[in-house]
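Student: the following comprises the amino acid sequence and a computationally predicted model.
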Number of protein chains: 2
Amino acid sequence: MDIKEYIKEKQRLIDNYLNNYFISPFKPRVLYEAMTYSLFAGGKRIRPVLALTSYEVCGGNPEDILPQASALELIHTYSLIHDDLPSMDDDDLRRGKPTNHKIYGEAIAILAGDALLTEAFRMMTVRKDSKKESRRISNKAIVTLIHEIAYSSGAYGMVGGQTQDIISEKMEPERETLEFIHKHKTADLIKASVRAGAILAGTKKSILNALTKYGENIGLAFQVIDDILDVEGKTEELGKTSGSDVKKGKMTYPALYGIEKAKQKSEELVSSAISVLKIFSSEADPLRDLALYLLKRRA
Amino acid sequence: MDIKEYIKEKQRLIDNYLNNYFISPFKPRVLYEAMTYSLFAGGKRIRPVLALTSYEVCGGNPEDILPQASALELIHTYSLIHDDLPSMDDDDLRRGKPTNHKIYGEAIAILAGDALLTEAFRMMTVRKDSKKESRRISNKAIVTLIHEIAYSSGAYGMVGGQTQDIISEKMEPERETLEFIHKHKTADLIKASVRAGAILAGTKKSILNALTKYGENIGLAFQVIDDILDVEGKTEELGKTSGSDVKKGKMTYPALYGIEKAKQKSEELVSSAISVLKIFSSEADPLRDLALYLLKRRA
């Protein structure tokens, strides 16, 4: 299997769904433009791809859950818009383009983020398999999913992690706080994306547990790699200003342990992620290859 | 019936539910404090009260839907925190207290709003009637509710209205734009709150339609009255700086039509709201009295 092709195919499904969903401009036009500017700014759709892959590994057809998987990208996009704001990380560049508030101003950027977050929950209620009789995704599964995603992306998850990240700036790096930031700011939503596929497939508990551990490990690895890329990556490749974590005094893995230990840690986490997949046979190969692919990413 | 007592009793139910829900501080502590600061700053719980009343009018026991009704207050509170930000309406005072960002700073205020909005959707999935067998609220009703609330509070509703409000500042007042702002910024979520009760009660379409019109009319009246109070109210009574709409060049009803016409309009809207309730007998008296009560409010 060519994992790059596999990912591309899933990205196409997501982009296609999102394009159709947002095909008609609405009033106020500037809100529509600000929302779609960031949503179609070249995101890699990693969270939706993970949800589709996990659903497929559990025996489902990815097309069934396109609304629910795509909603994860709306949440991710809103979080980037708000994180980039002047009062937060104050970033000018994202995915090689000016950040949302640089184009639309702070007020519209905040509102575009709010609107994307709200729309994500509406999108989760949409059925792709529209015929009532043949619905593969039950109302019960949708309710469970919404609970899961709200938990992982709110005060007890992503927003909590981002808050800790902001208040820990310029503080002496320290293990417990760093772990809190990584777990909540990044890993929680990635873990929930993997779990989303399993929840929607109605999979049994032992499989859900394995996928949960897989998701947690690649989620943590993802953030450690992000921290490494901020040190070693080039602005042109990253699409955002490299070295900005150090400049802001962010509490990162390399800041606490050094770059070599950080690389070792990211490899260990990816190994652990792959190792919990041993209860699956070859059907989980996409998840294994995805973990290795994320380890090697350059942006 | 004493409507003030009726409202107080419902407010107590909501406050009690919210107090218990947020009884345990979580980490990061400052996020917990910022969220609860605004949530317990003396809000009148009008949207939850409307949902409980509408559910009761449709024959239900309000206690069944406390999570879903309370979630509306989280959405309202988040919208106030974000609206008050320096880049938006830049307000220092709300309900007689410093606004959220005045206490916690802009970054935490934005995050507290994000967390409240996200938590609202989790709260909507919570069942008050915990025994699975005896659940009065179906998963299907929860999914329909989440769709409804997300639609009314997002890009096509409240956030869209707030965006139009911001971009229309200092522009020549004009009927179509003013109606768009009132409808979406305020009326949409109030209408959805009334509908929420009916949706959760699984009521029939003719009743849902009447309650929809009632909600729309009192929602519009609510905003016209808000505009009037900004001109005529005292800062001490309002709990926010009076006259600030004029100062900011906001597009308001009095700005376009004058204060007398605005008063007449609010009375007409309340009359219309009461008149669509004619399909009910005395069971809808609380809704009738609520409409009259809102007309006479001083803050």
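Tutor: Cool, the structure landed.

Student: CA atoms for contacts and neighbours, from now on please.
Tutor: Noted.

Student: what's the pLDDT at the residue most central in space within chain A?
Tutor: For chain A, A:Arg47 is the residue whose C-alpha lies nearest the centre (C-alpha atoms, centre = their mean; 4.2 Å). On the pLDDT scale, A:Arg47 is placed at 98.

Student: that one: helix or strand, and which one exactly?
Tutor: If you go by DSSP states H and E, A:Arg47 is part of helix A:46-57.

Student: tell me what the helix or strand following that helix is packed against?
Tutor: Note on helix A:46-57: by DSSP H and E, the next helix or strand toward the C-terminus is helix A:66-83. In this structure, helix A:66-83 packs against helix A:3-21, helix A:29-39, helix A:46-57, helix A:106-124, helix A:188-200, with contacts taken as 3 or more C-alpha pairs under 8 Å, 6 or more residues apart in numbering or on different chains; DSSP states H and E.

Student: same thing but at 6 Å, please
Tutor: Secondary-structure packing of helix A:66-83 (3 or more C-alpha pairs under 6 Å, 6 or more residues apart in numbering or on different chains; DSSP states H and E): helix A:46-57, helix A:106-124.

Student: nearest to chain B, out of those helices?
Tutor: helix A:106-124 (4.8 Å; C-alpha to the nearest C-alpha).

Student: identify the residues contacting whichever helix or strand comes after that closest one?
Tutor: Following helix A:106-124 in sequence order, the next helix or strand is helix A:139-153 (DSSP H and E). Residues from elsewhere that reach helix A:139-153 (C-alpha atoms under 6 Å, 6 or more residues apart in numbering or on different chains): A:188-189, A:200, B:118, B:122, B:139-140.

Student: check which residues of helix A:139-153 are buried.
Tutor: For helix A:139-153, the buried set under the neighbour-count rule, 16 or more other C-alpha atoms under 10 Å in any protein chain shown, comprises A:139, A:141-153.

Student: do me a favour and average the pLDDT over that helix.
Tutor: Computed over helix A:139-153, the average pLDDT equals 97.

Student: can I get the next helix or strand after that helix in CSV? Just the C-alpha atoms.
Tutor: Tracing the chain C-terminally past helix A:139-153 and defining elements by DSSP H and E, one meets helix A:158-167 next. Extracted as CSV, the C-alpha positions of helix A:158-167 are listed here (Å, rounded to 0.1, in the frame of the first residue of the first chain):
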residue,chain,number,x,y,z
MET,A,158,-8.0,21.3,23.6
VAL,A,159,-9.2,24.7,25.1
GLY,A,160,-7.8,23.7,28.5
GLY,A,161,-4.5,22.7,26.9
GLN,A,162,-4.3,26.0,24.9
THR,A,163,-5.0,27.9,28.1
GLN,A,164,-2.2,26.2,29.9
ASP,A,165,0.1,26.8,26.9
ILE,A,166,-0.6,30.5,27.0
ILE,A,167,-0.2,30.9,30.8
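
Student: ok and helix A:158-167 relative to helix A:188-200, angle-wise?
Tutor: Inter-element angle recorded for helix A:158-167 and helix A:188-200: 170 degrees (by axes from the mean of the first three to the mean of the last three C-alpha atoms, to 10 degrees).

Student: ok now helix A:158-167, how far from the chain's centre?
Tutor: Centroid displacement of helix A:158-167 relative to its chain, using C-alpha atoms, centre = their mean, to the nearest Å, is 16 Å.

Student: buried ones in that helix, by neighbour count?
Tutor: Those would be A:158-166, for helix A:158-167 by 16+ other C-alpha under 10 Å.

Student: nearest to A:Leu31, of the residues you listed?
Tutor: Nearest to A:Leu31 out of the buried residues of helix A:158-167 is A:Val159 (C-alpha to C-alpha; 22.7 Å).

Student: please save the CA atoms from stretch A:229-244 in CSV.
Tutor: Provided in CSV are the C-alpha atoms of stretch A:229-244 (Å, rounded to 0.1, in the frame of the first residue of the first chain):
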residue,chain,number,x,y,z
LEU,A,229,9.9,21.1,13.4
ASP,A,230,9.6,24.6,15.0
VAL,A,231,13.3,24.3,15.9
GLU,A,232,14.6,22.5,12.8
GLY,A,233,12.1,23.3,10.0
LYS,A,234,12.4,26.1,7.5
THR,A,235,9.7,28.8,7.4
GLU,A,236,9.1,28.1,3.7
GLU,A,237,8.5,24.4,4.3
LEU,A,238,6.5,24.8,7.5
GLY,A,239,4.3,27.5,6.2
LYS,A,240,4.6,29.2,9.5
THR,A,241,7.5,31.2,11.1
SER,A,242,10.1,28.7,12.3
GLY,A,243,11.7,29.3,15.7
SER,A,244,8.7,31.1,17.0
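
Student: what does it contact?
Tutor: A:93-96, A:299.

Student: let me see the mean pLDDT of it.
Tutor: In the prediction, stretch A:229-244 has an average pLDDT of 89.

Student: max-length helix in chain A?
Tutor: helix A:205-232 (DSSP state H).

Student: quick check: residues of the stretch 101-250 of chain A near chain B?
Tutor: A:107, A:115, A:118, A:122, A:139-140, A:147, A:150, A:154-155 (C-alpha under 6 Å from any C-alpha of the partner chain).

Student: wait, which of those residues is closest to A:Ile65?
Tutor: Closest to A:Ile65, out of all of these and judged by C-alpha to C-alpha, is A:Asn139, at 12.9 Å.

Student: ok, the closest one to B:Ile142 distance?
Tutor: According to C-alpha to C-alpha, to the nearest Å, A:Asn139 stands 8 Å off from B:Ile142.

Student: now do A:Tyr214
Tutor: Taking C-alpha to C-alpha, one finds A:Tyr214 at 30 Å from B:Ile142.

Student: what about the nearest residue to A:Leu52 once chain neighbours are set aside, distance to chain B?
Tutor: Nearest non-adjacent residue to A:Leu52, counting by C-alpha to C-alpha, 6 or more residues apart in numbering or on different chains: A:Pro62, 5.1 Å away. Note on A:Pro62: its distance to chain B, by C-alpha to the nearest C-alpha, to the nearest Å, is 21 Å.

Student: which SSE is immediately downstream of the worst-scoring helix or strand of chain A on mean pLDDT?
Tutor: Least confident helix or strand of chain A, by mean pLDDT, DSSP states H and E, is helix A:235-238 with a mean of 87. Next helix or strand after helix A:235-238 toward the C-terminus (DSSP H and E): helix A:244-248.

Student: distance between that following helix and the chain's centre?
Tutor: 22 Å.

Student: the residue nearest to A:Leu52: how many residues sit nearby?
Tutor: By other C-alpha atoms under 10 Å in any protein chain shown, the residues close to A:Pro62 number 19.

Student: mind listing what A:Gln257 touches?
Tutor: For the record, residue A:257 is Tyr, not Gln. Applying C-alpha under 6 Å, 6+ apart, no residues contact A:Tyr257.

Student: actually, A:Ala210.
Tutor: A:Val276.
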